[in-house]
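Participant: sharing a model that was predicted from the sequence below.
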Amino acid sequence: MLGPGSWRALRAASLRPPLSTSSRPHFAGHSGLVMRSDASTYRRHGTTRSRASDEENDISELDASFFGTYSVILPTEPFVFGVSHIPQRPVPSQIPRPPYATPSARGLSTPTGRGSSSSDDLVRLGSSEERRLRRAARLAREVLEYAGTLVKVGSTTDALDAAVHDYIVTHSAYPSPLGYSGFPKSCCTSVNNVVVHGIPDDRPLEDGDIVNVDITVFLDGFHGDTSRTFLVGDVDELGRALVSATDEALDAGIAVCGPGKPLRSIGNAIHAVADKRGYSVSSQFSGHGIGEVFHRSPWILHHRNEEPGVMLPGHCFTIEPCLIQGFNPRSWIFPDGWTASTENCARSAQKEHMVLITEHGAEVIT
Ligand SMILES: [Co+2]
């Protein structure tokens, strides 16, 4: 769907709305998977405990490999298209909002922030801009740490969202995802086969889930954005290995950052780790410049690429690779228009940091 050279059309992993909902799950011949979902209680998710030899119910035969033991997240039935039915939590009126979340912006599309690179993409180092950017990043890190203490078997992602929301507004910040292109919640929670942009809901977290919690805050005019994948209870060995490889991939991407370094070296370093560990890298979601705007250039590809561009002092961007079990890196979007699942329901893990390029190096500020 997205050919070489069209990388600018990719979505940043943090809440870029989907370009197209035309992709559909490839469940042909795999209806056993869907039928296994526990429709009487949580229609959102089914359970697959099949092995490669269990042909009838095996989702993993698409890759001829075994993805482990976990619940598959599927859209709630009957399908409801879009998210306008999901209520948004109120934010006290005295808290400054990003432009897209002001009452007058309601119903308008969110500016994409896309375009060619310019000095607008740079933070003025040593100025109040840098200090405010760092404060926003630090708050995002604190919120994520707090969220991690709430990830427990039996607690719902919506309860997590409520707690995160309250924590953020108590710290005089606005939860950036709320209202971004209509996104209805204050953080993203992506469980098991959900790659990114999972919408917090009333499904209790299960023993063995992995869940990425993606936090973005808007504080004093700047966004701070960070995420990681948490283990819920007793996660199987294959799930733990995926999460740890994702951490390693992010570290590898960060390690090649610095002034004058090519942007493409980030994706190349991440992809090398994924290759070594036997995972795919999603190419459908990119990292992004961040500052006074949630998403802007430079766009950070996480897969192997030959794109031009170098890192400059004052660049601040996220690196947020999604690693996927097996050899199929593709995703499809649920009817809600946001939730991105792997095409074959293999698990995906993601981790995200903000990197600030300085005169002398690169600093992780989340
Ligand atoms: Co992001």
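Facilitator: Everything's here; your move. If you're wondering where the values come from, they're calculated on a predicted model, not measured in any experiment.
Participant: make it CA atoms for all contacts and neighbour counts henceforth
Facilitator: Fine.
Participant: what's the distance between the closest residue to residue 351 other than its chain neighbours and residue 262?
Facilitator: Excluding the flanking residues, the one nearest residue 351 by CA to CA, 6 or more residues apart in numbering is residue 228, at 4.2 Å. Going from residue 228 to residue 262 by CA to CA, to the nearest Å gives 25 Å.
Participant: who's more crowded, the two?
Facilitator: Using other CA atoms under 10 Å, the more surrounded residue of residue 228 and residue 262 is residue 228, with 22 against 17.
Participant: residue 310 is in contact with residue 262, isn't it?
Facilitator: Yes: in this structure, residue 310 is within contact of residue 262 by CA atoms under 8 Å, at 4.2 Å.
Participant: tell me what the residue nearest to residue 351 is bridged to.
Facilitator: Residues in a beta bridge with residue 228, per DSSP bridges, are residue 213.
Participant: identify the residues contacting it.
Facilitator: Applying CA atoms under 8 Å, 6 or more residues apart in numbering to residue 228 gives the contacts 144, 212-214, 350-352.
Participant: what is the neighbour count of residue 244?
Facilitator: Neighbour count of residue 244, defined by other CA under 10 Å: 15.
Participant: need the three-state assignment for it.
Facilitator: Classification of residue 244 by DSSP: H, G, I helix; E, B strand; the rest coil places it in helix.
Participant: same question for residue 158.
Facilitator: The three-state label given to residue 158 by three-state DSSP is helix.
Participant: residue contacts, it?
Facilitator: Counting by CA under 8 Å, 6+ apart, residue 158 touches 200-202.
Participant: of these, grab the buried ones for PyMOL.
Facilitator: Buried members of the contacts of residue 158, defined by 16 or more other CA atoms under 10 Å, are picked up in PyMOL with:
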select buried, resi 200+201
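Participant: turn the contacts of residue 158 into JSON lines, columns for distance to residue 180, pLDDT and secondary structure.
Facilitator: Below are those laid out as JSON lines (distance: CA to CA, whole Å; pLDDT from 0 to 100; DSSP: H, G, I helix; E, B strand; the rest coil):
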{"residue": "200", "distance to residue 180": "15", "pLDDT": "98", "secondary structure": "coil"}
{"residue": "201", "distance to residue 180": "18", "pLDDT": "97", "secondary structure": "coil"}
{"residue": "202", "distance to residue 180": "21", "pLDDT": "97", "secondary structure": "coil"}
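Participant: need the max-distance pair from the contacts of residue 228.
Facilitator: Farthest pair in these (CA to CA) is 144 and 350. Separation: 13.6 Å.
Participant: where does residue 50 land on pLDDT?
Facilitator: Listed pLDDT for residue 50 reads 36.
Participant: nearest spatial neighbour of residue 288, chain-adjacent residues omitted?
Facilitator: Using CA to CA, 6+ apart, the closest residue to residue 288 is residue 299 (4.5 Å).
Participant: spell out the secondary structure type for residue 353.
Facilitator: strand.
Participant: could you do the one 10 residues further on as well?
Facilitator: For residue 363, the assignment made with three-state DSSP gives strand.
Participant: would you mind measuring from the nearest residue to residue 325 once chain neighbours are set aside to residue 227?
Facilitator: Nearest residue to residue 325, sequence neighbours excluded (CA to CA, 6+ apart): residue 279, at 5.1 Å. Distance from residue 279 to residue 227, counting by CA to CA: 20 Å.
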